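Q: Need a 3D model of the sequence below.
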Amino acid sequence: MNDSVVVALDVGGTGMKCALVRPDGTVHHEERHPTRAERGPEAVTETILGVAGALAGKARADGLTPVATGIAVPGVVDEHNGVAVWSANVGFRDVPLRDLAVQRLGMPAALGHDVRVGALAEARLGAGRGRRHVLFVAIGTGIAGGLVIDGAGYPGAHGAAGELGHVVVRPGGTPCGCGLRGCLEAEASAKAVGRRYAELSGEPTATAFDVATRAARGEELARRVWQDAVEALADGLITAQALYDVGIVVLGGGLAEAGDELLDPVRAAVAQRVTFHRSPEIVRAELGDAAGCLGSALLALDSLKETP
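A: Model prediction:
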């Protein structure tokens, strides 16, 4: 139906990006709300359901028909059963968000992992469109990946597929929040880059953006920190390529905002590591922070097709 829309929410630890999305991927309306995770998981759940309900009401007021709800959250997500298994950022533990949304809104719903739905959007609507095997890697506060094959995401047996950030690339290296040392996330995320530079420079407020900017200007310390992160990222990507053999790697998240300052050295570093591997094309994501909402909508539309 031409008047159909999906209620789509991309829930993060700080904020929620929300939209009404048409089946062709165009956005009819969008808005943002604070998550306020410090209030606890019950309050966050109520906020999610309340915002989703208001968006459905907005759709009807605009003469549109909301047909499904798509919600993306961080952490470990059991997409098959619609459960937010665990999320450190939001405090979820075994929250049946999909069923709660169905009960509140009275229409079908789907629950997805924030990075995996972002991967779905980039694979179908963004930088990976037209390609069969796509790996999306989000490099922000943490690092995670999403594998999309023939337009379908791969969640894994336990909803934990794509945790590329916890591949150990520097054994015995920087302690990671997961309990290991030298994880890709601890060595090459935006947070890690800013922290490393701050430690070496004595500037406690330094960020990854500062490092990228100063490295581009030729500052030696910034260049060294940036290159260390690039080398670690290349080690993670060559491991992913050995496992997945994708045709294209799409880099997104905050660190990818550096553009060619990240892409060019990463491409070179990956090329240096290639032996038996088939080199993937490495590109920057196209959808920015809209990917989560768009992917949530796609997931919800897919679930409608699967419903008998």
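
Q: Quick check: Pro265 vs Thr174, distance?
A: 20 Å (CB to CB, to the nearest Å). (Each C-beta comes from the backbone N, C-alpha and C, glycine too.)

Q: for the protein, what are the low-confidence residue spans?
A: 1, 307-308 (pLDDT under 70).

Q: got the residue ranges for the strands in it?
A: 4-11, 15-21, 27-34, 65-73, 76-78, 83-86, 93-95, 109-113, 133-139, 143-149, 152-153, 248-252, 281-284 (DSSP state E).

Q: what's the closest of those strands to Ala121?
A: strand 133-139 (8.6 Å; CB to CB).

Q: What is the neighbour count of Asp3?
A: 12 (other CB atoms under 10 Å).

Q: Might one say that it is in contact with Val67?
A: No: contact criterion CB atoms under 8 Å: Asp3 and Val67 do not qualify, at 9.5 Å.

Q: Now do the contacts for the residue lying closest to Gly118 once chain neighbours are set aside.
A: Take Gly118 and drop its neighbours on the chain: the residue closest to it by CB to CB, 6 or more residues apart in numbering is Ala291, 3.9 Å away. Neighbouring residues of Ala291 by CB atoms under 8 Å, 6 or more residues apart in numbering: Val117, Gly118, Ala121, Glu122, Gly126, Gly252, Ala285.

Q: ditto for Val51
A: Leu9, Met16, Cys18, His33.

Q: Regarding the protein, what is its longest helix?
A: helix 220-244 (DSSP state H).

Q: angle of it against strand 133-139?
A: With axes from the mean of the first three to the mean of the last three CA atoms, to 10 degrees applied, the angle from helix 220-244 to strand 133-139 works out at 150 degrees.

Q: Any buried residues in helix 220-244, and which?
A: Buried positions in helix 220-244, judged by neighbour count with 16 or more other CB atoms under 10 Å: 222-223, 225-226, 228-241, 244.

Q: Stretch 17-29 too?
A: Neighbour count says stretch 17-29 has Lys17, Cys18, Ala19, Leu20, Val21, Arg22, Pro23, Gly25 buried, by 16+ other CB under 10 Å.

Q: likewise stretch 176-191?
A: Cys176, Leu180, Gly182, Cys183, Leu184, Glu185, Ala186, Glu187, Ala188, Ser189, Ala190, Lys191.

Q: ok, now which ones touch the residue nearest to Arg116 when sequence neighbours are not counted?
A: In space, Arg116 comes closest to Gly146 once its chain neighbours are excluded; the distance is 4.1 Å by CB to CB, 6+ apart. If a contact means CB under 8 Å, 6+ apart, then Gly146 has 113, 115-120, 135-136, 138, 153-154, 162 as its contacts.

Q: Drop anything exposed from these.
A: Counted by 16+ other CB under 10 Å, those give His113, Val115, Arg116, Val117, Gly118, Ala119, Leu120, Leu135, Phe136, Ala138, Gly153, Gly162 as buried.

Q: just curious, which of these is nearest to Val44?
A: Closest to Val44, out of all of the buried ones among the contacts of Gly146 and judged by CB to CB, is His113, at 16.5 Å.

Q: Would you confirm that the closest one contacts Val77?
A: Yes: His113 lies in contact with Val77 (CB under 8 Å); the separation is 4.2 Å.

Q: what number of residues lie near Gly218?
A: 8.

Q: now it: how far from Ala242?
A: 34 Å.
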